[in-house]
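> Give the three-dimensional model of this entry:
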Amino acid sequence: MHDDPPEEEDDLSDMLDDAPTPPPNMYGDERMRTILSCFLVLAMSVLGCSREIKSLTAEQAAELVGKSRGALYLDGLKLIDKDVAQELGEFEGTYLYLGGLTSIDKDVARELAKFHGVTLYLAGLKSIDKDVARELAKFRGTTLNLRGLTSIDKDVAQELAKFHGVTLYLEGLKSIDKDVAQELAKLKSLSLSGLTSINKDVLKILKSNPKIGLPKKYRDKKD
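Residues are numbered from 1 along each chain as shown. You can find the predicted model right below:
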């Protein structure tokens, strides 16, 4: 389970085009379409379906957070600043999806880690430094998804190992060295199902923690 966001919904215009046609002149075509438009906008707001948003000010983020429930999908955002992150960190829902972000600094990471929901989804990040890792590890939810990372060093691994949630997803890693493995083995639960190359020493370290998810060929491999 990756806590991936579901497939993107049709945009509002498509939804309106596909909506059932009311009986002719029941309330007037234009009036009915207006009513339906308002209903769909409200529904999309409540469900947090905001993937088409490409940028946000802090004020807009605060308004969106106040209207959204359950899950907030903001995969269209490529970049956010500390002020926007601070507002998003106040979201009281369950899932916060920010899969479009490819990089963040420590200030943004610090604010996002204050989110009190279940899953913080940052699978678009390609690399992070130890300062960002230190802040993200403070997230107190259940799942921290960083499956977009393709490599990490010992310092980053050491900070991520401080994550006290249930599962950290690092499925973008293809190989890790012994030093990184020793740090990651400290985690409560970890998914490394993307590994394609593991030497004997690294495999032994990772298998010392039964809560680390490995590709089947390594799970079944004898030491």
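
> Quick check, residue 154 in contact with residue 179.
Yes - between residue 154 and residue 179 there is a contact under C-beta atoms under 8 Å: 4.2 Å. The way it works is simple: take the backbone N, C-alpha and C, and place the C-beta from them, glycine included.

> where do the helices sit along this protein?
12-18, 29-47, 58-67, 82-88, 106-112, 130-136, 154-160, 178-184, 200-207, 216-219 (DSSP state H).

> The fifth one: how far from the chain's middle?
Once both centres are worked out by C-alpha atoms, centre = their mean, to the nearest Å, helix 106-112 turns out to sit 14 Å from its chain's centre.

> cool, the shortest one as well?
Offset of helix 216-219 from its chain centre (C-alpha atoms, centre = their mean): 26 Å.

> Return the per-residue confidence for residue 197.
What the model reports for residue 197 is a pLDDT of 93.

> wait, doesn't it sit right on residue 173?
No - assessed by C-beta under 8 Å, residue 197 is found out of contact with residue 173, at 10.2 Å.

> Compare those two and say which is more crowded by neighbours.
Remark: of residue 197 and residue 173, residue 173 carries more neighbours, 21 against 9, as counted by other C-beta atoms under 10 Å.

> ok, the residue nearest the centre of the chain to residue 111 distance?
In the chain, the residue lying closest to the centroid (C-alpha atoms, centre = their mean) is residue 121, at 0.9 Å. According to C-beta to C-beta, to the nearest Å, residue 121 and residue 111 sit 16 Å apart.

> And for residue 54?
Residue 54 is 20 Å from residue 111, by C-beta to C-beta.

> ok, these two, which is more surrounded?
The residue with more neighbours, out of residue 54 and residue 111, is residue 111; 22 against 11, by other C-beta under 10 Å.

> what comes up buried for stretch 178-192?
Residues 180-185, 187, 189-192 are the ones in stretch 178-192 that count as buried (16 or more other C-beta atoms under 10 Å).

> State the distance from residue 109 to residue 211.
From residue 109 across to residue 211, the span is 25 Å (C-beta to C-beta).

> of those two, who's got more company?
residue 109 (24 against 12).

> Not counting its neighbours along the chain, what's nearest that one?
residue 135 (3.7 Å; C-beta to C-beta, 6 or more residues apart in numbering).

> so what's the one you found up against?
106, 109-110, 113 (C-beta atoms under 8 Å, 6 or more residues apart in numbering).

> Out of the residues you listed, grab the one that's most surrounded.
Result: residue 109 is most packed of the contacts of residue 135 (other C-beta under 10 Å), 24 neighbours.

> can you tell me which residues contact that residue?
Taking C-beta under 8 Å, 6+ apart as the test, what residue 109 contacts is 85, 128, 131-132, 135-136.

> Can you lay out those residues as CSV showing distance to residue 168 and pLDDT?
Shown next, in CSV, are the contacts of residue 109 (distance: C-beta to C-beta, whole Å; pLDDT from 0 to 100):
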residue, distance to residue 168, pLDDT
85, 20, 98
128, 12, 98
131, 18, 98
132, 14, 98
135, 14, 98
136, 9, 98
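
> can I get those in a markdown table with distance to residue 94?
Below are the contacts of residue 109 laid out as a markdown table (distance: C-beta to C-beta, whole Å):
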| residue | distance to residue 94 |
| --- | --- |
| 85 | 18 |
| 128 | 24 |
| 131 | 28 |
| 132 | 24 |
| 135 | 21 |
| 136 | 18 |
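
> Return the members of those residues classed as buried.
Buried, going by 16+ other C-beta under 10 Å: 85, 128, 131-132, 135-136, out of these.

> Good, wrapping up.
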